[in-house]
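In: Pasting the sequence and the predicted model now:
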Amino acid sequence: MNKNYTSTRNKQVSIPAKEAIKRGFSNDGGLFVYPELNQLKINLDEIKDANYQQIAKVVLMKLLPDFSETEIATSIQNAYANSFDTPKITPLTSVSDFHILELFHGPTSAFKDIGLQMLPQLMKCVLGPKNKVMILTATSGDTGKAALEGFKNLNHMGITVFYPHNGVSKVQQLQMETTDGNNTEIASIRGNFDDAQTSVKKIFNDQKFKDTLDPNVSLSSANSINIGRLIPQVVYYFNAYLQLVKNKNISLGDPVNFTVPTGNFGDVLAGYYAKQLGLPVKKFIVASNENNVLTKFFNTGIYDRNIPFLQTDAPSMDIQISSNFERLLYYKSNHDTEYVKKLMTDLEKNGHYQVSKEILQSIHNDFYCGFSTDSEIEQSIVDIYQKYHYLMDPHTAVGYKVMRDYQKSDSDTPMILLSTASPYKFTQVVAKALFDKVPTDDHEAMLDLNYATQVPIPKNLAQVWNLPLLHQNVIDQNEMESFIKEKVEANFYDKN
Ligand SMILES: *Cc1c(COP(=O)(O)O)cnc(C)c1O
C-alpha cells in the first residue's frame, strides 16, 4: 500500500508525511491528502478502554506512517501531558438529550490548542540538525495565542505573530501581550486582519527577502491546512465516542451524529477522517454563522465567495473560503485531482465554482449544513443556560441552533455537540445575552459572569489581567519584514 501523501491538485505528487508537515501545502497550491484513507481501519474493540493519549497514538501511527513509534509517543507526551486542565483532555458532558464535547481545556481555552500543542512537536521530529524555522502567523484572535503557546521555548524554532491593532478582544490581546518564552515575538499591525494576512502571505513569497536571511532558517506557517494540525483533531472524535460507550449511553458499533461549529472546515473534516477510519458516524452537522457560504453550497452545489464579509458574534468563524473543504472535494470526486484543480481555479478567477450533482449528493450523505444569526446565537446562549444551567460560548451556540434544526428530522441518533471555546473567551457576548447590564470593562464583566453563574473561569484567563506585559510593538505593514529579520538575526530561537 502506498503510504505517501499527495496533493489535492496533482496526483503525481508523492511525499512522506514528514515532508508534508515541513512544507505545509503543495507548491501547485493544493493541500496534502492521504489517498488510501478509507483503507486504514481502526479496530474500536482494541481501543475501547484506551485513554486520550493511547487513542492518539493509534490514530497518529496510522496517519503518519513514516514517524517512529518513539517520535509519536514523545510528541503526544509533550503536547498533552501537562498543558491541559483535565487528564481527559477533551471531556464529554451530557446535557439532557445531547452531549457536549469540550475542546477548550488547553492552555489558551480554545479548541485550536489541540492541533497547535501537537504541530510544533511533530515539526521538531522533521527538522534536520542544522535546520531552523521561523513560524509566521497572522491572527484574528484565537490562533495567535494557541500557536505562541505551542511553539514557545522550543529549540531551533521561533514564532512571530501579527494581529490587527485594536482588532481583537481585550482578553485575546492580553493573552498575546503577556506571552513568556524566549522565542516568541508579537506585533500589532496598523490595519485590519486582512492586511496582516495579506502581508504575511506576501512575505512567504518574497524570495528576495528570504535570501537576506540566514540560509539555515526557513519560514513556515502554523495555518490550519497543515496536516500536523489536522490529524491530531481526528483523535477527539474517537475519544468522544468511546466516552459514550464507557458511560453506557451507547454500545460499541452504534451510530452517532456530531455537530461542529465550522469556519475553515478543519475541525469537521477531521471528523470525516475518523469516519473513514471506521468510526460509526451517521451525519456531521456543519454549523456556520451569518457568513453562510457553506449553507448556500449545500443548497445549490455552488460555492460562491462573492458575498459581503460580516463581522459576527462568533468571530473565529468569520470566513469566506473554507480552505479544508478542498480536501473533501478530493475524496468525494474519487481523487480526481484535475477536477479539484479546475474547481479551485474557478474559485480563484471568478470567485465561485459548481460541483456535479453526484458529488453534491455524496456530500449530503455524510453532512448536513445550516447557519445561525447573531440574534439566534444570543437566544441559544440564554436557552441552554436557563434550561440546563450550561454556559456556552457563541461559537458553540451556533452549533446548538443548527443541531436543533437538524434534530427535527432525526431526534433518535445520539448527538455530540463540539464546544470550541470557553465562554469566558467571549465574555461580552455571553454576558450581554444573559444580563440587562454588563460592565464595559472586560475584567469586571468576566468576574460578574462568574459570580452570577458560578461556572469557574479557566486559570489562564483568570490570571491574564495581572501578568506583566511583555510585547507591545505596534508597527506598519511595511515594517513587518524588518521586524522579522531583526528577530531572526537576534537568533532568539536558539538561546536554549
Ligand atoms: C477556529 C475556530 C472554529 C472553526 O474551526 P475550523 O476548523 O476553522 O472549522 C470554531 N470555533 C472557534 C472558537 C475557533 O477558534
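Out: Received the coordinates, thanks.
In: contacts and neighbour counts: CA atoms only from here.
Out: OK.
In: ok, which residues in the stretch 151-300 of the chain are in contact with the ligand?
Out: Pro261, Thr262, Gly263, Asn264, Phe265, Gly266, Asp267 (CA under 6 Å from any ligand atom).
In: Now with 8 Å, please.
Out: Residues of the stretch 151-300 of the chain lying close to the ligand (CA under 8 Å from any ligand atom) are Ser224, Val260, Pro261, Thr262, Gly263, Asn264, Phe265, Gly266, Asp267, Val268, Leu269.
In: May I see the residues you listed organised as CSV, with distance to Val488 and neighbour count added?
Out: Below are these laid out as CSV (distance: CA to CA, whole Å; neighbours: other CA atoms under 10 Å):
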residue, distance to Val488, neighbour count
Ser224, 24, 21
Val260, 38, 29
Pro261, 37, 30
Thr262, 35, 28
Gly263, 32, 27
Asn264, 30, 20
Phe265, 33, 24
Gly266, 30, 24
Asp267, 32, 26
Val268, 36, 28
Leu269, 35, 23
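In: quick one: the strands in the stretch 301-450 of the chain?
Out: Ranges of strands within the stretch 301-450 of the chain are 302-304, 352-354, 367-371, 415-419, based on DSSP state E, counting those that start in this stretch.
In: Out of the ones you listed, which is closest to the ligand?
Out: strand 415-419 (7.6 Å; CA to the nearest ligand atom).
In: Now do the same for Phe284: helix, strand or coil?
Out: strand (DSSP: H, G, I helix; E, B strand; the rest coil).
In: from here on, count from 44
Out: Got it, the first residue is 44 from now on, which makes the last one we talked about Phe327.
In: tally of neighbours for it?
Out: Using other CA atoms under 10 Å, Phe327 has 26 other residues around it.
In: One more: Asn86?
Out: Asn86, neighbours per other CA under 10 Å, totals 12.
In: What of Cys168?
Out: 16.
In: picking that back up, in strands, which of the residues of the stretch 194-343 of the chain next to the ligand fall?
Out: Val303, Pro304 (DSSP state E).
In: of the residues of the stretch 194-343 of the chain next to the ligand, closest to Lys530?
Out: Ser267 (24.1 Å; CA to CA).
In: OK, contacts around that closest one?
Out: Leu273, Asn307, Gly309 (CA atoms under 8 Å, 6 or more residues apart in numbering).
In: residues contacting the last one?
Out: What that stands for is Gly309. Ser267, Ile268, Leu273, Asn367, Phe368.
In: In JSON lines, list the residues of the stretch 194-343 of the chain next to the ligand along with pLDDT.
Out: Compiled in JSON lines, these are given as follows (pLDDT from 0 to 100):
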{"residue": "Ser267", "pLDDT": "83"}
{"residue": "Val303", "pLDDT": "98"}
{"residue": "Pro304", "pLDDT": "98"}
{"residue": "Thr305", "pLDDT": "96"}
{"residue": "Gly306", "pLDDT": "92"}
{"residue": "Asn307", "pLDDT": "91"}
{"residue": "Phe308", "pLDDT": "95"}
{"residue": "Gly309", "pLDDT": "95"}
{"residue": "Asp310", "pLDDT": "97"}
{"residue": "Val311", "pLDDT": "98"}
{"residue": "Leu312", "pLDDT": "98"}
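In: Pick the most buried one from the strands of the stretch 344-493 of the chain.
Out: Neighbour counts (mean count of other CA atoms under 10 Å) averaged over each of the strands of the stretch 344-493 of the chain peak at strand 458-462, with a mean of 26.
In: could you say what helices and strands that one packs with?
Out: strand 141-145, strand 299-304, helix 437-450 (3 or more CA pairs under 8 Å, 6 or more residues apart in numbering; DSSP states H and E).
In: quick one: the helices in the stretch 44-193 of the chain?
Out: Ranges of helices in the stretch 44-193 of the chain, per DSSP state H, counting those that start in this stretch, are 60-66, 87-90, 95-106, 112-123, 155-169, 185-194.
In: Including distance to Lys253, could these go into TSV?
Out: What follows is those, written out as TSV (distance: least, CA to CA, whole Å):
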stretch	distance to Lys253
helix 60-66	15
helix 87-90	46
helix 95-106	32
helix 112-123	30
helix 155-169	20
helix 185-194	21
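In: which of those helices sits most buried?
Out: helix 185-194 (a mean of 26).
In: tilt between the next helix-or-strand element following that helix and helix 155-169?
Out: With elements assigned by DSSP states H and E, the helix or strand that comes after helix 185-194 is strand 200-207. Using axes from the mean of the first three to the mean of the last three CA atoms, to 10 degrees, the direction of strand 200-207 lies 140 degrees away from that of helix 155-169.
In: mind listing what's buried in strand 200-207?
Out: Met200, Gly201, Ile202, Thr203, Val204, Phe205, Tyr206, Pro207 (16 or more other CA atoms under 10 Å).
In: ok, residues contacting it?
Out: Contacts for strand 200-207 (CA under 8 Å, 6+ apart): 175-184, 187, 191, 194-195, 226-236, 239, 527, 535-537.
In: Which members of the residues you listed occur in strands, if any?
Out: 175-181, 227-232.
In: Separate out the buried members of the residues you listed.
Out: Buried among the ones in strands among the contacts of strand 200-207 (16+ other CA under 10 Å): 175-181, 227-232.
In: with these in mind, which one is nearest to Thr343?
Out: Lowest distance from Thr343 to these (CA to CA) belongs to Ala181, with 32.4 Å.
In: How about the contacts made by that closest one?
Out: So Ala181 contacts Gly187, Val204, Phe205, Tyr206, Phe236, Ala239, Gln240, Val243 (CA under 8 Å, 6+ apart).
In: Quick check: buried residues in the helix or strand bottoming out on mean pLDDT in the chain?
Out: When each helix and strand of the chain is scored by mean pLDDT, DSSP states H and E, helix 236-248 comes last, with a mean of 87. Using 16+ other CA under 10 Å as the test for burial, helix 236-248 gives Phe236, Ala239, Gln240, Ser242, Val243, Ile246.
In: The fourth one and Asp519 touch, don't they?
Out: No - because the distance of 10.5 Å does not satisfy CA atoms under 8 Å, Ser242 is recorded as not touching Asp519.
In: Could you check how far Asn209 is from the ligand?
Out: 19 Å (CA to the nearest ligand atom, to the nearest Å).
In: Give me the neighbour count for that residue.
Out: Count around Asn209 with other CA under 10 Å applied: 13.
In: Could you look up the SS state of it?
Out: Asn209 - assigned by three-state DSSP - is coil.
In: helices or strands next to the least confident helix or strand of the chain in the packing?
Out: Helix 236-248 is packed against strand 175-181, strand 200-207, with contacts defined by 3+ CA pairs under 8 Å, 6+ apart.
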